[in-house]
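Q: my questions concern the predicted model and sequence given below.
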Amino acid sequence: MKKVRIGILGLGNVGRGVWKILNTNKDEIRKRSGYDIEVAKILVRDVNKNRGIDVPKELLTDNADEILDDATIEVVIEIIGGINPAKEYILKAMKNKKHVVTANKMLLATEGDELFQTAEKEGVMFYYEASVAGGIPIIHAINESLTANKIEQVIGIINGTTNYILTKMTFENMTFEAALKEAQEKGFAEADPTSDIEAYDAMYKLAILTSLAFGTKVNVKDIYREGITKIKPIDIEYAREFGYVIKLIAMVKEREGELEMRVHPTMIPERHPLANVNNSFNGIYISGNAVGDIMLYGRGAGDLPTGSAVVSDVISILRGSADVSAISVVKNNFWNRKPSPMENTRSEYYIRISVKDLPGVLGEISTIFGEEGVSILSVMQKGKREDYTSVVYFTHTTLEGNINRAIEKINKSGNVKQIDNIIRIENIQ
Ligand code: HSE
């Protein structure tokens, strides 16, 4: 049996998963890769910390160069996350002719270009299946299994933390705050949950998926992003009444030659398969012009699911390394397309407004919508809260620019206390 030595940068949750898989599935990995994988060194911050895992202490180092400069190490796994020093480590590993596997979505979404170019220049392989949706093989699906297609749209629930929170709000009538607290207690949400609940994590993943599915460079600053903090139980109730569920949806689609790319809470039909992706699961729905619609479902985070993607990438490298021409660097960032401005987005909308409960107020607001070309599907008013009441509008499909102009006028009315929430509706078939 041939032997290969690998180095691992980082021994957090995913690192522990990688270690467990390499040990538990040793025989399968041997058969499938044709190699005995030996972990040569693991980079950690503190070699003395007790990690509750059976990694021999002599494998740990706090000096990255013990891995990056070791000529006997052929593959490096980067799972420390963040931009620095992960980027320097990856670049150095590539320059030292090591193949690299990473799970680092933020780095790929913002600096991926330089990494791909360096991998190509140095003739090393660079794999990143774990960067989007953890254990779900979405990168390989787009890069290999669907390459015969023109991809028309990718619609995903690609953040497990927010999906867990929204599921709790939907099925247990929890508030956002209570559901977040529970997610933190159960270890789904981090102590600082900003990246998940404000949808930065989903935005990075969408940038990677867009780049692969539509062959374009993406500047994450161009992606419209909105988190889930404004969702209230009452929004979920109204959604339910109209046959929808609220999910944090990341989507990219081509419409009339323009690319729509956005991440925001969205009402989707309760019968759609994505509506049934609950708890911390992820789901990605892809439409290709040959394959039709497909959906991938599974765990988007966690030590073993993410470790599964990382170790499978190592095996892909070992299988490919026998033949240098099998270098599998993705070089499909042909264009630099900008997403169409949000004013051009066409959607249906749910708009909840606090208004004075007086004669003529509904008429005044409805007139403004009419003036701005927004056609109303349904209006509802429920209950009364002292001087103000909540009115909810569901619109027909309209341009977001029309909605914005109408909202600006509505906000100026003396009868309106505030616009409480606006949620886009995607009637995915
Ligand atoms: N924090 C992410 C999630 C997993 O909740 O899905 C890592 O990207």
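A: Happy to help now that I have it.

Q: count the neighbours of residue 49 for me.
A: Counted with other C-beta atoms under 10 Å, residues neighbouring residue 49 total 10. In this view, the C-beta of every residue, glycine as well, is placed from N, C-alpha and C.

Q: so it sits in a helix?
A: No. Per DSSP: H, G, I helix; E, B strand; the rest coil, residue 49 lies outside any helix segment and is coil.

Q: what's the neighbour count on the residue nearest to residue 62 when sequence neighbours are not counted?
A: Leaving aside its sequence neighbours, residue 62 sits nearest to residue 47 (C-beta to C-beta, 6 or more residues apart in numbering; 5.6 Å). Applying other C-beta under 10 Å, we find 14 residues neighbouring residue 47.

Q: count of neighbours near the residue in the stretch 251-400 of the chain that the ligand sits nearest to?
A: Using C-beta to the nearest ligand atom, the single residue of the stretch 251-400 of the chain nearest to the ligand is residue 301, 3.7 Å away. Residue 301: 22 surrounding residues under other C-beta under 10 Å.

Q: list the contacts of residue 162.
A: Taking C-beta atoms under 8 Å, 6 or more residues apart in numbering, we find residue 162 in contact with 196, 197, 199, 202, 227, 228, 248.

Q: so which of those reach the ligand?
A: Restricting the contacts of residue 162 to those touching the ligand (C-beta under 6 Å from any ligand atom) yields residue 196.

Q: cross the contacts of residue 162 against helices and list the overlap.
A: The helices, defined by DSSP state H, take in 196, 197, 202 from these.

Q: specify which member of these is nearest to the ligand.
A: Nearest member of these to the ligand, counting by C-beta to the nearest ligand atom, is residue 196, at 4.9 Å.

Q: what's the neighbour count on the closest one?
A: 26.

Q: could you do residue 290 as well?
A: Using other C-beta under 10 Å, the number of residues around residue 290 comes to 8.

Q: the strand or helix carrying residue 365: what's the following helix or strand?
A: Assessed by DSSP states H and E, residue 365 sits inside helix 361-371. Using DSSP H and E, the helix or strand that directly follows helix 361-371 along the chain is strand 376-385.

Q: right, and residue 405 touches residue 369 too?
A: No. Judged on C-beta atoms under 8 Å, residue 405 makes no contact with residue 369 at a distance of 10.1 Å.

Q: which of the two has more neighbours?
A: Applying other C-beta under 10 Å to residue 405 and residue 369 shows that residue 369 carries more neighbours, namely 22 against 17.

Q: excluding chain neighbours, what is closest to that one?
A: Distances taken as C-beta to C-beta, 6+ apart place residue 406 nearest to residue 369, at 5.2 Å, with adjacent residues excluded.
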